[in-house]
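> how would this look folded up:
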Amino acid sequence: MDQDNNSEDESIGPSEDDAPPRFPLGLSDSEAVEVLWQVRAQRRQADPDLPDTVTRLTTPEGSIVYLVGTAHFSDSSKKDVATTIRAVQPDVVVVELCQYRVSMLKMDEKTLLKEAKDINLEKVQQAIKQNGVMSGLMQILLLKVSAHITEQLGMAPGGEFREAFKEAGKVPFCKFHLGDRPIPVTFKRAIAALSLWQKARLAWGLCFLSDPISKEDVEKCKQKDLLEQTMSEMIGEFPALHRTIVAERDIYLTHTLRQAARCVEAPHNAQKVPAVVVGVVGMGHVPGIEKNWDKELNIHEIMSVAPPSRFGWVLRTVLKGAVLGALGYACYRAGGGVGRVLLSLPAVQSLLENLRPPPA
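Below you'll find the model as predicted:
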């Protein structure tokens, strides 16, 4: 993924080693590559003094993964990420994002604040089109939760990911990987794992979320003991939801981090050397990644999405039938000409098409 060093995000503050290296005149391309490799090696600290939120993992080949556990609405987490990347000068930076959320890396704070607070009809339609009716509505409800935190704190989510993207662009030869499972897969599997009653309870709780949240509360989330207590409460409430949204993504993130930690090829001599990786994930995923690190993982199992059930199709048909009934009544009241215009609209045509039953 290409790096963008012209980020408008708030900077942590430059270090003395951040200045780009100066090359002697007349260097060939291969000589310049070797100089850059040596510069990074000199900047890389062998025994770095890192924040308490960093967990160190190793591979049998000798690669090292520095896992930074973060709170997604935290200035302190941004500093932890910047400090770690500058100290270890990684070959790869992996963040807890997928291709559906990559836009937050290049958006400035003001735009993100506006986007997070502004949940409109267009966003609802886009979520439903991307994920289906039930998963799309659940995504909107979770966006509402994010908007609630954003409004409470006046801070856009994902600052640590934008900081990682910016800092990775300053490290020679550093690659930037998106390490999370695609969000449509996560939502579809989460919805499929819940009963109808659990879906209703979850939606009700998300709709009426209004508890005040302070910046101190967010920073407390970086403490493992408080986080584990919170997770235990959620497991008791919706164990299936925890499995799909947290535990399965722990497995996926572990897989992508291990892939990133494969030995890298030194560009000046093509020799394979152990990799140094920085992973940036929410603190809630750190225990699961540690637990899965040395296990055999089945990624295909957590990427499959079951086809919609007959009951689900019946429920959607009833809902869409109600919409069509209201549409038909509106056409009757407006007259035949207006009715034909309404029925020719792409959205209505799509609705009629979706009413066809799934194959047996």
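> For the protein, spot the helix or strand the model is least confident about on average.
helix 224-237 (a mean of 50; mean pLDDT, DSSP states H and E).
> after that one comes which helix or strand?
helix 239-242 (DSSP states H and E).
> And that following helix, what does it pack against?
Contacts defined by 3 or more Cβ pairs under 8 Å, 6 or more residues apart in numbering; DSSP states H and E place helix 239-242 against helix 183-193, helix 196-207, helix 224-237. C-betas here are computed from N, CA, C, even on glycine.
> Give me the helices and strands touching the first one, please.
Based on contacts counted as 3+ Cβ pairs under 8 Å, 6+ apart, the elements that helix 183-193 packs against are helix 121-131, helix 133-153, helix 239-242, helix 248-260.
> pLDDT averaged over the first one - what is it?
In other words, helix 121-131. Helix 121-131 carries an average pLDDT of 64.
> Would you confirm that residue 276 contacts residue 93?
No - the pair residue 276 / residue 93 is not scored as a contact, 10.1 Å apart, by Cβ atoms under 8 Å.
> neighbour count winner among the two?
Neighbours per residue (other Cβ atoms under 10 Å) separate residue 276 from residue 93, with residue 93 holding more: 29 against 20.
> The more buried one bridge partners, please.
Beta-bridge pairing for residue 93 (DSSP bridges): residue 176, residue 278.
> In this structure it contacts residue 173, no?
No - counting by Cβ under 8 Å, residue 93 stays clear of residue 173, with 11.7 Å between them.
> what about residue 39, which helix or strand?
Using DSSP H and E, residue 39 falls in helix 29-43.
> State the number of residues packed around residue 30.
Residue 30: 10 neighbours (other Cβ under 10 Å).
> ditto for residue 298
10.
> Identify each buried residue in stretch 170-186, please.
170-172, 174-181, 183-186 (16 or more other Cβ atoms under 10 Å).
> Distance across that stretch, terminal residue to terminal residue?
Length of stretch 170-186, first residue to last, Cα to Cα, to the nearest Å: 32 Å.
> For the stretch 251-360 of the chain, give me the ranges with low pLDDT.
307-360 (pLDDT under 70).
> That one: strands as residue ranges?
264-265, 272-273, 276-282 (DSSP state E, counting those that start in this stretch).
> List the strands paired with the first one, with their directions.
So that's strand 264-265. Here, using DSSP bridges, strand 264-265 pairs with strand 272-273 (antiparallel).
> Can you tell me the closest non-neighbouring residue to residue 258?
Distances taken as Cβ to Cβ, 6 or more residues apart in numbering place residue 59 nearest to residue 258, at 6.9 Å, with adjacent residues excluded.
> so how far is residue 36 from the one you found?
25 Å (Cβ to Cβ, to the nearest Å).
> repeat for residue 82
For residue 82, the distance to residue 36 equals 21 Å [Cβ to Cβ].
> Give me the more crowded residue out of the two.
Neighbours were counted for residue 82 and for residue 36 using other Cβ under 10 Å; residue 82 has more, 21 against 18.
> buried stuff in the helix or strand where that one lies?
Using DSSP H and E, residue 82 maps to helix 75-88. Buried residues in helix 75-88, counting neighbours by 16+ other Cβ under 10 Å, are found at 75-78, 80-88.
> Check the average confidence over it, would you?
Helix 75-88 comes out with an average pLDDT of 95.
> and the closest residue to residue 30 other than its chain neighbours, what does it touch?
Nearest non-adjacent residue to residue 30, counting by Cβ to Cβ, 6+ apart: residue 268, 6.8 Å away. By Cβ atoms under 8 Å, 6 or more residues apart in numbering, the contact set of residue 268 is 30, 33, 34, 37.
> and the strands of the stretch 251-360 of the chain as JSON lines, adding distance to residue 293?
Output for the strands of the stretch 251-360 of the chain, formatted as JSON lines (distance: least, Cβ to Cβ, whole Å):
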{"stretch": "strand 264-265", "distance to residue 293": "19"}
{"stretch": "strand 272-273", "distance to residue 293": "21"}
{"stretch": "strand 276-282", "distance to residue 293": "11"}
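> now, of those, which is deepest in the fold?
Neighbour counts (mean count of other Cβ atoms under 10 Å) averaged over each of those peak at strand 276-282, with a mean of 26.
> same for it, what does it pack against?
Contact here means 3+ Cβ pairs under 8 Å, 6+ apart; on that basis strand 276-282 packs against strand 64-70, helix 75-88, strand 92-95, helix 159-168, helix 248-260.
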